[in-house]
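Test case, fold it:
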Amino acid sequence: MKNENPQPSLDVRDEFARLLPVPPERDFPSGRQPQLQEFVVNHLQDQNTAARTKRRIPRRRFALATGALAAVAAAAVVLTVATGGGSAPTEPDADPTAQAVHVFEMAASHAAVQPWTEPQPDQWFYIKFRDTRSGAMAEWKGNDGVGFDENWYRADGKDTRRYDRTGELVGTLTDMNHTEYPWLVTLPTEPTALLAALRQQIIDHHNGINPGRPPFYILPESEEEWNGTLFARIGDILSGNLLPPALTAGLYRAAAQIPDVTVAGEPVMIDGRETTAVGRISNGTTLGQMLLDPETHEYVGFRNLAITDFTYGGPSESAEPDPTDDDGEVITEKAGELLWENIRLAALIVDEPGDTA
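So this is what the prediction gives:
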């Protein structure tokens, strides 16, 4: 599809900055707001020059919102989220990326000294989540709202269990997140090597390492898409597993190496407590944020927000026809919408599926 959204030039940078609204009832540290405005405009320029790829999702094709007004709206929303969706920076004069590195290093240092007893092969990981989904696509799929999910994963990777709708504890279809503990503990803990191993796993999985299973991730087609996929992958691993301290620390340090990861300016409130939001923008349309406890530095959850209007559906000039598409049907997500939020409520090692303590 042709990109009809013109790139903002350097000549209009001041005009974009002028159009960015001042968030209401906020007092910024000296120089903070111009810094964030500069960050937003620079990001828009970088994002619009990056190669756009067509993402495939069930029954829909992905299309970006177009037009100069959409670019301005995106900038305004990014500024609002960046200054109102994470913990207050520890170092107010540092740039958002430096703050992210600092937050992840604090989390890594904390994780590295935690006590750990390796589970026996026949023990189970018990993980409980609260999952919130909203927005146009969630409504279309019928999975909008709040739900709770309890899962048990055997430490040797051979079995998973969860309750079905009748309340019976049954085996479940496994995916790359729920049966991989034996593989995860073989990963290098050095951040660069760890990122390379995760990248290779995604390639292998997409190329059929799990025969008969659909790919869990769309294979990225640009380095920018790889960065977003790896950041989300690290969030998935931290969310769905209990891991040895050195590996947990390595994952945080690997996340810190991913470009364009930034800390938001204010706490995200989760169940009445503040969390630090560290995230990155993907495809110029969504902001994925890892949520961490600012005092214990432990993992709390992950969420995804729309930062500009964008649509699913509609014709694609470069993609082959998909017979499962609903012709002409377009679903639009609105800027500022919380698309999904996954909060981990419990994570521990137990002896039997069904145990919760």
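
Give the burial count for residue 225, as a bare number.
19 (other CB atoms under 10 Å). Quick note: C-beta positions are derived from backbone N, CA and C, even for glycine.

residues in contact with residue 130?
Each residue near residue 130 by CB atoms under 8 Å, 6 or more residues apart in numbering is listed here: 146, 147, 148, 149, 342, 343, 345.

That one is in what secondary structure piece?
strand 124-133 (DSSP states H and E).

in its sheet, what does that strand sit against?
strand 145-154 (antiparallel), strand 338-350 (antiparallel) (DSSP bridges).

Give the buried residues for it.
Buried positions in strand 124-133, judged by neighbour count with 16 or more other CB atoms under 10 Å: 124, 125, 126, 127, 129, 130, 132, 133.

Now for these: which two are most distant?
Distance extremes for those: the farthest pair is 124 and 133 at 26.8 Å, using CB to CB.

What count of nearby residues applies to the closest residue in space to residue 128 that isn't next to it in sequence?
Take residue 128 and drop its neighbours on the chain: the residue closest to it by CB to CB, 6 or more residues apart in numbering is residue 346, 4.1 Å away. Residue 346 is flanked by 11 other residues according to other CB under 10 Å.

ok, residue 346 touching residue 126?
Yes - contact status for residue 346 versus residue 126: in contact at 6.5 Å, counting by CB atoms under 8 Å.

shared neighbours of the two, which are they?
residue 356.

hang on, the earlier thing: can you give me the distance of the residue nearest to residue 128 to residue 122?
Going from residue 346 to residue 122 by CB to CB, to the nearest Å gives 20 Å.

again, but for residue 130
Residue 130 is 29 Å from residue 122, by CB to CB.

hmm, back to that, could you export the buried residues of strand 124-133 as JSON lines, including distance to residue 336 and pLDDT?
Formatted as JSON lines, the buried residues of strand 124-133 follow (distance: CB to CB, whole Å; pLDDT from 0 to 100):
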{"residue": "124", "distance to residue 336": "39", "pLDDT": "96"}
{"residue": "125", "distance to residue 336": "35", "pLDDT": "96"}
{"residue": "126", "distance to residue 336": "35", "pLDDT": "96"}
{"residue": "127", "distance to residue 336": "30", "pLDDT": "95"}
{"residue": "129", "distance to residue 336": "24", "pLDDT": "94"}
{"residue": "130", "distance to residue 336": "21", "pLDDT": "96"}
{"residue": "132", "distance to residue 336": "15", "pLDDT": "96"}
{"residue": "133", "distance to residue 336": "16", "pLDDT": "95"}
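
Return the member of these nearest to residue 243.
residue 125 (9.9 Å).

What residues does the closest one make contact with?
119, 152, 153, 154, 155, 181, 241, 242, 347, 348, 349, 350.

Neighbours of the fourth one, how many?
This points to residue 154. Neighbours of residue 154 (other CB under 10 Å): 19.

I figured it hits residue 124, correct?
Yes - Residue 154 lies in contact with residue 124 (CB under 8 Å); the separation is 5.4 Å.

what do these two both touch?
Joint contacts of residue 154 and residue 124 (CB under 8 Å, 6+ apart) are residue 353.

Just read off the phi/psi values of residue 237.
When quoted as degrees, to the nearest 10, the phi and psi of residue 237 stand at phi -70, psi -50.

What sits closest to it if chain neighbours are left out?
residue 251 (6.2 Å).

Surely that neighbour forms part of a helix?
Yes - assessed by DSSP: H, G, I helix; E, B strand; the rest coil, residue 251 belongs to a helix.

ok, now which ones touch it?
Going by CB under 8 Å, 6+ apart, residue 251 touches 194, 234, 237, 238, 243.

So the last one is in contact with residue 184, correct?
Just to be clear, that refers to residue 243. Yes - under the criterion of CB under 8 Å, residue 243 is in contact with residue 184, at a separation of 6.3 Å.

shared neighbours of the two, anything?
Common neighbours of residue 243 and residue 184 (CB under 8 Å, 6+ apart) are residue 237.

ok, back up a step: nearest to residue 110, of the strands paired with strand 124-133?
strand 338-350 (15.4 Å).

Ramachandran coordinates for residue 143?
On the backbone of residue 143 - angles per degrees, to the nearest 10 - the values are phi -120, psi 20.

how much space is there between it and residue 160?
20 Å.

for residue 191, same thing?
From residue 191 to residue 160 the distance is 29 Å (CB to CB).

try residue 119
Residue 119 is 15 Å from residue 160, by CB to CB.

Out of the strands paired with strand 124-133, flag the one nearest residue 219.
strand 338-350 (21.8 Å).

neighbouring contacts of that closest one?
117, 119, 123-135, 137-138, 148, 152, 155, 239, 242, 270-271, 286, 291, 299-306, 333, 356-357.

go with 7 Å
119, 123-135, 239, 242, 270, 286, 299-306, 333, 356 (CB atoms under 7 Å, 6 or more residues apart in numbering).
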